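>>> Build me a model from this:
(one chain, ligands or ions: 4)
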Amino acid sequence: MWRSTFARFALPALQRRTSAMACQALRACPRPGQAAGPLPSCLTSVQLRGQQTLGSASLPVARQSVRHVRALDEERLMEVEWEDGGHSLYPFTWLRDNCQCPLCTLQSAQARKLLMSDLDIHTGVDVVEVTNDNKVSIVWPDQHTSVFDAEWLKKRCFSPAARQAMQEELFLNERYYWDSKLRIPTADYQEVLHDDKAALAWLLALRRVGIVYLRGAPAEQGQVARLAERIGYLRLTFYGHTWQVQDKYMANNVAYTSGRLSHHTDYPALHFAPGVQFLHCINQAVEGGESEVVDGFHMAEQLQREDPEAFRTLTSLHVDFTDTGTDYCDFMLQSKKCIIDVDAEGRLARINYNNATRDSVLDLPLHQVQPFYRALKAFVNIMNRPENVVTYRMEPGDLVTFDNWRLLHGRRSYISRPDRLRHLEGAYLDWDEVMSRLRILRSCVHENV
Ligand SMILES: C[N+](C)(C)CCCC(=O)O
Ligand SMILES: O=C(O)CCC(=O)C(=O)O
Ligand SMILES: [Fe+2]
Ligand SMILES: [Zn+2]
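Ligands and ions are numbered 1, 2, ... in the order given. From the prediction side, this is the model:
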């Protein structure tokens, strides 16, 4: 539905209608102070309906007025003094580079027209002043003039605190870690499809908690695709646009059997594994088939604390993954991944682990083989502790959405009957598209403050 031309154009208006309410709801829960903390009580019972209280939708900054500006010519910095007494510094080069005038910016695309070859990275300034409408105006030595909005400048302040706040607003990297006591955030499928407030709360919880359960979907194929269109588009893989999890003859994947699946992330055989996974239950088995999830980042943090050597091993050794077969088309994949990926700042970024597709090719020197197995075993043992595992049983019409870069999921073996064959439909998305929709939904909330 969101793909139709009409719906695309209608979207902003539609979002505006619900946004004031959403904003109120988002205010109800204080912003958490740390990445890895216990779930605040307002999050454990995320009923995205009614008086949902999800935290931190990055509230608009208080309006800021400029008291004074001056050029520090020696340092080639412009100093802004704010009404509240605070100060911000902006390099001349950065200011010239980011001139917002129509010559320097293609306003219809909000993109820079100014070429690097035309940027003088040693520029001085002629005049800096505060305008009557509280903007900052700069006249450059060639008499080109730039005018900067106060709030625009404030958000781009280079102080560590301002930079951190801006990055959190853009990427929402704060996470709530959880264990078996998690009550999985739950929302209504139809509300998420039709109500922007519900959609925003869904995506915020998906980002922070890593898993959101949706109830009330029709128990028929096509729902994961519909939900993906709510965001933008889904991620095609060799298993198809969407894929059917069923016990299949000559299965091309262990997921397509009735066997037990140990905790895994999907598709480590792809170097860029899908960020988000949807699974929709169309039919459940007569016996077994329960789902299990663990918070992979929380597990990795526990491993780092309890067994730093194993953590070092899993964050440094590259393991081969492989996947060969035919589905959407024929495939012969190979990848090399650390089972635990950390980013440049040492923060947990991704878990890559599916024991079924871990290759028999193990590109390690002999003496590292046994330490590798020891480290992996330590990680798996932590994941299997009952206090870390959340178990649930999907019923027809239930749809689970989760962070495939963070959670590991599993399934208990099951027994189907010919008249009641277990059937889930799945789809993948990537975080870029999900975060894009999240930011749009949130910005519409702000427009209506
Ligand atoms: C087959 N499918 C798409 C359900 C799961 C693939 C996950 C994997 O093999 O890593
Ligand atoms: O059958 C299930 O419950 C989960 C299947 C699964 O993990 C998968 O398809 O990747
Ligand atoms: Fe899976
Ligand atoms: Zn300009």
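>>> Going by C-alpha atoms from here, please, whenever you check contacts or count neighbours.
OK.
>>> Which positions in the stretch 101-250 of the chain make contact with ligand 2?
For the stretch 101-250 of the chain, the residues in contact with ligand 2 (C-alpha under 6 Å from any ligand atom) are residue 245.
>>> And the helices in the stretch 101-250 of the chain?
Under the criterion DSSP state H, counting those that start in this stretch, the stretch 101-250 of the chain contains helices at 150-155, 160-171, 189-194, 196-208, 223-231.
>>> mind giving me CSV with those helices and columns for mean neighbour count and distance to residue 432?
CSV is the format used below for these (neighbours: other C-alpha atoms under 10 Å; distance: least, C-alpha to C-alpha, whole Å):
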stretch, mean neighbour count, distance to residue 432
helix 150-155, 16, 22
helix 160-171, 13, 10
helix 189-194, 18, 19
helix 196-208, 25, 12
helix 223-231, 20, 10
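>>> tell me which element residue 262 is part of?
Here residue 262 is covered by strand 261-264, with elements defined by DSSP states H and E.
>>> Need the contact partners of the helix or strand just after that strand.
For strand 261-264, the following helix or strand on the C-terminal side (DSSP H and E) is strand 276-283. Identification of contacts with strand 276-283 by C-alpha atoms under 8 Å, 6 or more residues apart in numbering yields 219-221, 223-224, 394-405, 420-431.
>>> Tell me which of these fall in strands.
399, 400, 401, 402, 403, 423, 424, 425, 426, 427, 428, 429 (DSSP state E).
>>> want to try a markdown table for those residues, with distance to residue 123 and neighbour count as columns?
A markdown table is the format used below for the ones in strands among the contacts of strand 276-283 (distance: C-alpha to C-alpha, whole Å; neighbours: other C-alpha atoms under 10 Å):
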| residue | distance to residue 123 | neighbour count |
| --- | --- | --- |
| 399 | 56 | 30 |
| 400 | 54 | 19 |
| 401 | 51 | 23 |
| 402 | 49 | 24 |
| 403 | 46 | 26 |
| 423 | 65 | 22 |
| 424 | 61 | 25 |
| 425 | 58 | 22 |
| 426 | 55 | 25 |
| 427 | 51 | 26 |
| 428 | 48 | 28 |
| 429 | 44 | 22 |
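>>> State the pair within those that is farthest apart.
403 and 423 (21.4 Å; C-alpha to C-alpha).
>>> rewinding a little: is the strand holding residue 262 positioned near ligand 2?
No - using C-alpha under 6 Å from any ligand atom, strand 261-264 stays clear of ligand 2, coming no nearer than 6.7 Å.
>>> what residues does this protein put near ligand 1?
239, 245, 253, 255, 266, 267, 268, 354.
>>> my guess is the fifth one contacts residue 273, does it?
Yes - Residue 266 is in contact with residue 273 according to C-alpha atoms under 8 Å; the separation is 7.3 Å.
>>> Could you give the number of residues near the nearest residue to residue 291 once chain neighbours are set aside?
Leaving aside its chain neighbours, residue 291 sits nearest to residue 411 (4.6 Å; criterion: C-alpha to C-alpha, 6 or more residues apart in numbering). The local packing of residue 411 (other C-alpha atoms under 10 Å) involves 22 other residues.
>>> dump the residue contacts of residue 411.
260, 261, 262, 263, 289, 290, 291, 292.
>>> Give me the pLDDT for the fourth one.
The reference is to residue 263. For residue 263, the pLDDT comes out at 99.
>>> Relative to residue 389, how far out is it?
The spacing between residue 263 and residue 389, counted by C-alpha to C-alpha, to the nearest Å, is 10 Å.
>>> residues bridging contact with these two, i.e. touching both?
Shared contacts of residue 263 and residue 389 (C-alpha under 8 Å, 6+ apart): 292, 293, 294, 383.
>>> Which of the residues you listed sits closest to residue 165?
Closest approach between these and residue 165, by C-alpha to C-alpha: residue 294, at 28.9 Å.
>>> Take the helix or strand where that closest one lies, keep the C-alpha atoms, and write them as PDB.
Assessed by DSSP H and E, residue 294 sits inside strand 291-295. Presented in PDB, the C-alpha positions along strand 291-295 are these (Å, rounded to 0.1, in the frame of the first residue of the first chain):
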ATOM      1  CA  SER A 291      10.900 -20.100  19.600                       C
ATOM      2  CA  GLU A 292      13.900 -19.000  21.700                       C
ATOM      3  CA  VAL A 293      15.800 -15.700  21.700                       C
ATOM      4  CA  VAL A 294      18.800 -14.300  23.500                       C
ATOM      5  CA  ASP A 295      20.300 -10.900  23.600                       C
END
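>>> ok, the strand holding residue 262: who's next to it in the sheet?
Note on strand 261-264: by DSSP bridges, its sheet partners are strand 407-411 (antiparallel).
>>> angle of the partner strand against strand 276-283?
20 degrees (axes from the mean of the first three to the mean of the last three C-alpha atoms, to 10 degrees).
>>> next one: strand 407-411 to chain centre, how far?
Averaging C-alpha positions (C-alpha atoms, centre = their mean, to the nearest Å) puts strand 407-411 18 Å from its chain's average.
>>> ok, is it in contact with ligand 2 or not?
Yes - where contact is defined by C-alpha under 6 Å from any ligand atom, part of strand 407-411 touches ligand 2, namely 410, 411.
>>> Averaged pLDDT, that strand. What do you get?
99.
>>> Where does the stretch 101-250 of the chain get nearest to ligand 1, residue-wise?
As assessed by C-alpha to the nearest ligand atom, ligand 1 sits closest to residue 239 within the stretch 101-250 of the chain, at 5.3 Å.
>>> Pretty sure residue 328 is one of the things that residue touches, is it not?
Yes - Residue 239 lies in contact with residue 328 (C-alpha under 8 Å); the separation is 5.5 Å.
>>> So which of these two has more stuff around it?
residue 239 (19 against 14).
>>> Now do the same contact list for that one.
327, 328.
>>> what phi and what psi does the backbone show at it?
phi -90, psi 0 (degrees, to the nearest 10).
>>> what's the distance between it and residue 267?
Distance from residue 239 to residue 267, counting by C-alpha to C-alpha: 10 Å.
>>> Ok, residue 211 next?
Counting by C-alpha to C-alpha, the separation of residue 211 from residue 267 is 18 Å.
>>> Looking at those two, which one has more neighbours?
Neighbours were counted for residue 211 and for residue 267 using other C-alpha under 10 Å; residue 211 has more, 26 against 20.
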